[in-house]
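Novice: just coords:
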């Protein structure tokens, strides 16, 4: 949003549109006082006094929006954008639009007039008489027109395009007091400035430009604890993708070498285990006996040696009967 659109005076006067129903209610309470004697004349008086003053003001000297009840911003305290807004309020397109604003209010007044007696029990102006009630009705209808004319003019100015506003010439300072209607004491400042700063606008523009250049893909090996503010916002070029290709190629070359080394190590371990098993078998007195080669032809001899001698270790290995290989316990440790 452009800075001139955030001017607080525009939005304060635009919010006055919400008070229009209240002024219509005030007009209704005034019409409820007494009994109408000349309905047509009363409607004409209320319409003329309620519509013409505001309409003539908007056509000849538009309302000075840089003011609040009792206070007005001095012309010398206005910025260039604020004086451009005054130039827009003086455009004939905005001023002629004021001719159409009273029409819906006049239609509402005509519809409310015959229904005013329904509010006779709740009106607080019952003791004022018929003329007093008409005065209240004129005041309410006048304020309804005022608080509708000014917001409609503000809406027309807000509808101006930003490109058009940049070409508008600021209104001369020495002509503001004569060409606009303003009441109140002139002061240097009333409301705070809410315009966007240049730094805020540049930061917003930079934030909008980030998604266009920020890389969509992040490498898998990117550290999680890395400072994200250091990531380059420049688009990835061909060199970056070539670097990634070399990384993948190096991983593909290193993988077979590692697997081949592991396979050689496992083969060496198996070979060493087989050699240890063969050496243990060669040193075994049972498996190295010549008759173990043909266990089916070996003669069966009885051992007559007393058990006591065998227990003392005097038993000869040749006297022991051969043991078939099929009868050996497979879980027997031959080492």
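Specialist: Received it, and whenever you're ready, just let me know what you need. Not measured: the values here are computed from a predicted model. Numbering: from 1, shown residues only.

Novice: helix or strand right after the helix or strand containing residue 82?
Specialist: Following DSSP states H and E, one finds residue 82 within helix 80-89. Remark: after helix 80-89, the chain's next helix or strand is helix 92-96, criterion DSSP H and E.

Novice: Pull the number of nearby residues for residue 63.
Specialist: 19 (other Cβ atoms under 10 Å). Yep, even glycine has a C-beta here, placed from its N, CA and C like the rest.

Novice: again, but for residue 176
Specialist: Neighbours around residue 176, by other Cβ under 10 Å: 19.

Novice: What sits closest to it if chain neighbours are left out?
Specialist: residue 75 (4.1 Å; Cβ to Cβ, 6 or more residues apart in numbering).

Novice: what sits against that neighbour?
Specialist: Counting by Cβ atoms under 8 Å, 6 or more residues apart in numbering, residue 75 touches 173, 174, 176, 177.

Novice: In terms of helix, strand or coil, where does the third one fall?
Specialist: Three states are possible here, and by DSSP: H, G, I helix; E, B strand; the rest coil the one that applies to residue 176 is helix.

Novice: Could you measure from it over to residue 35?
Specialist: Residue 176 sits 48 Å away from residue 35 when distances are taken as Cβ to Cβ, to the nearest Å.

Novice: swap in the first one?
Specialist: Here residue 173 is placed at a distance of 54 Å from residue 35 (Cβ to Cβ).

Novice: ok, the two, which is more surrounded?
Specialist: residue 173 (14 against 7).

Novice: coming back round to it: in the helix holding residue 82, what's buried?
Specialist: For helix 80-89, burial by neighbour count (16 or more other Cβ atoms under 10 Å) applies to 81, 82, 83, 84, 85, 86, 88, 89.

Novice: And the contacts of residue 75, which is closest to residue 157?
Specialist: Of all the contacts of residue 75, residue 157 sits closest to residue 176, with 15.8 Å by Cβ to Cβ.

Novice: In contact with the closest one, which residues?
Specialist: If you count contacts by Cβ under 8 Å, 6+ apart, then residue 176 has 64, 75, 78, 83, 86 around it.
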